[in-house]
Each structure stands twice: as structure tokens, then as C-alpha cells.
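1. Pasted the sequence and its predicted model underneath.
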Amino acid sequence: MSLTDSRSVLVFLFIFLQLNPSCMSQTYNLSWYEEQRTAMVRDQIRLRGIRDEKVLAAMQKVERHRFVPPAYRKESYEDHPLPIGEGQTISQPYIVAFMTEALELKPSDKVLEIGTGSGYQAAILAEICDSVFSVEIFRSLAISATNLLQELGYSNVMVKTGDGYIGWAEHAPFNGIIVTCAPGQIPEKLQEQLAERGRMIIPVGDNYTQELILLEKENGKLRKKNVLPVRFVPMINEKGDKY
């Protein structure tokens, strides 16, 4: 290639990048997000006691920034929840990992999630277990989460709009149940839909005082254990009333 040809190529590339700045910034952003995600798993999750390698691998793989609105995307891997619309939030990464690990999931397990939200928790679960059934009270969130999960290739997640307080009886029993909104008491329907030897993790309480409770079913009976003080959005019905 001659000197003239080389200069022509450089001029072409310069003009192309000026007209398409996203081509350069997109590569940088993807690399930056990956670095942030690695730091999140290392500093916020592994160093705080999460040991299940399946959970750690899922948290490393799933791109949390894809589930965060553009206005908050640069905060995607920080140690706090973020708004996602309809007064709802995407949970703090550590809490997502903590609740997932508490279920002690196996690859063959079937999980019920109450509160789809952005779809991030469902994606984490889908990386670990066979199938995820997720219920979301807000139709707009259910639709956007479904579209994104399908776009990302999660064919083992089913989402429906509905009242999470009553669960999803058609697909019960579930090996694990994870609830990402807080009722005043543990719903009886969810207790009934938990399989023998299954586990449920659920925040329970009012707007100011909530406790994350782990339940295990053995011989048809539930053992309950308070594991962590938390702050989740309240569980509501279709009219917007709190449970």
C-alpha cells in the first residue's frame, strides 16, 4: 500500500468515527461494564460470604446493565437498588446473590419468582436451574421483562401478569420460591405450592421493618428462620392495596 493509500484509509476511518461515535464508545462501554461486573462479584458478593460457585458464575455472566433503565445504567454494578419504573426497583446485587444462594438450587429444579420487575433475578435463576416461573403485578414490567429475557435467549423463563400473593398453582409444586416484594405475612398459597424439601426465601413486614425469612418444607411442615433485616417494596394486589 502506498503512502497516499494509507492516508486515504486514515482519513476514511476518521470521518467514519466522527459520523458514528457510538462505534467507538460502545466498545469502551462494554469493556467498562465487564470490569465493573467483575469488581461487583469480587468485592460486593464473594468477599461478603457468598460461596456457591453457580451463583457467582451467574452473577458474573448476566449483564445487569441490560436490566437497568438508561438514566441509571452507569450505576448498574454499584451496591444499591435502582428504580425501574412503576415505583419498583432492581434489587441490590448482594441481596440477589444472597437470596439465590439461600435456595440451594440444583440444575433440575423448578423455581417460582414473585415480582419479576426488570427480569434480572429471573435471569440469574435461569442460569442455575431448569425452569423459572415469574409473576409480576405490573403488566408493563411483565412485558418489558419478557421481551428482554427472550432477546437474551432465556427460553426457560415464563412470565405472566398476575397477583403474586396466590402464586402460580398450575405449575406447582416448586423446588424453590423467591419473593422480591414484602407482604405483611407469608401467603398460605405460596406455602402450599412449595415442594417437599423445597425452600422459600421471602421478605416479611411493613414499610419500615422487614425481615428476610427462609422456609424449608420437611414432611409437609415448614421450618422458619429469620436470616436478614431488609427493605423491599411492598407486595400489592391488582388495585394497588398492600398485603
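-> Arrived safely. Please read all numbers here as calculations on a predicted model, not as lab measurements.

2. how near is the closest residue to Tyr165 other than its chain neighbours to Leu105?
-> Counting by Cβ to Cβ, 6 or more residues apart in numbering, Tyr165 lies nearest to Pro187, which is 4.9 Å off, once chain neighbours are set aside. Placement of C-beta: from N, CA and C, glycine included. According to Cβ to Cβ, to the nearest Å, Pro187 and Leu105 sit 21 Å apart.

3. tell me which element the residue nearest the centre of the chain is part of?
-> Nearest to the mean C-alpha position of the chain, counting by Cα atoms, centre = their mean, stands Gln121 at 1.7 Å. If you go by DSSP states H and E, Gln121 is part of helix 120-128.

4. Restrict that helix to CA atoms and write it as PDB.
-> Coordinates of each C-alpha in helix 120-128 appear next as PDB, following Å, rounded to 0.1, in the frame of the first residue of the first chain:
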ATOM      1  CA  TYR A 120     -32.700  -9.600  36.300                       C
ATOM      2  CA  GLN A 121     -33.400 -12.100  39.200                       C
ATOM      3  CA  ALA A 122     -35.200 -14.400  36.800                       C
ATOM      4  CA  ALA A 123     -32.100 -14.400  34.500                       C
ATOM      5  CA  ILE A 124     -29.800 -15.300  37.400                       C
ATOM      6  CA  LEU A 125     -32.100 -18.200  38.400                       C
ATOM      7  CA  ALA A 126     -32.400 -19.300  34.800                       C
ATOM      8  CA  GLU A 127     -28.600 -19.700  34.600                       C
ATOM      9  CA  ILE A 128     -28.700 -22.200  37.500                       C
END
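
5. For it, enumerate the helices and strands it packs against.
-> helix 53-61, helix 93-102, strand 110-114, strand 131-136, helix 139-151, strand 157-161 (3 or more Cβ pairs under 8 Å, 6 or more residues apart in numbering; DSSP states H and E).

6. just to revisit the earlier point, which residues touch the residue nearest to the centre of the chain?
-> Neighbouring residues of Gln121 by Cβ atoms under 8 Å, 6 or more residues apart in numbering: 91, 96, 99-100, 113, 115, 178, 180.

7. And these, which two are furthest apart?
-> Thr100 and Gly115 (13.9 Å; Cβ to Cβ).

8. Any stretches of this structure with poor pLDDT?
-> Scanning the chain with the threshold set as pLDDT under 70 gives 1-28.

9. Please identify the buried residues of the longest strand belonging to it?
-> Taking DSSP state E as the criterion, the chain has its longest strand at strand 194-205. Neighbour-count burial for strand 194-205 flags 194, 198-205 (criterion: 16 or more other Cβ atoms under 10 Å).

10. Let's have those residues in TSV, adding distance to His65.
-> TSV is the format used below for these (distance: Cβ to Cβ, whole Å):
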residue	distance to His65
Leu194	33
Gly198	32
Arg199	29
Met200	29
Ile201	25
Ile202	27
Pro203	25
Val204	31
Gly205	30
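
11. Greatest separation within these: which pair is it?
-> Gly198 and Gly205 (22.6 Å).

12. I figured Tyr33 hits Glu75, correct?
-> No. Using Cβ atoms under 8 Å, Tyr33 is not in contact with Glu75, being 11.5 Å away.

13. okay, these two: which has more neighbours?
-> For Tyr33 and Glu75, the more surrounded residue by other Cβ atoms under 10 Å is Tyr33, and the numbers stand at 18 against 13.

14. Just list the residues touching that one, thanks.
-> Contact analysis of Tyr33 by Cβ under 8 Å, 6+ apart lists 63, 65, 76-77.

15. Since that was my last question, I'll sign off now.
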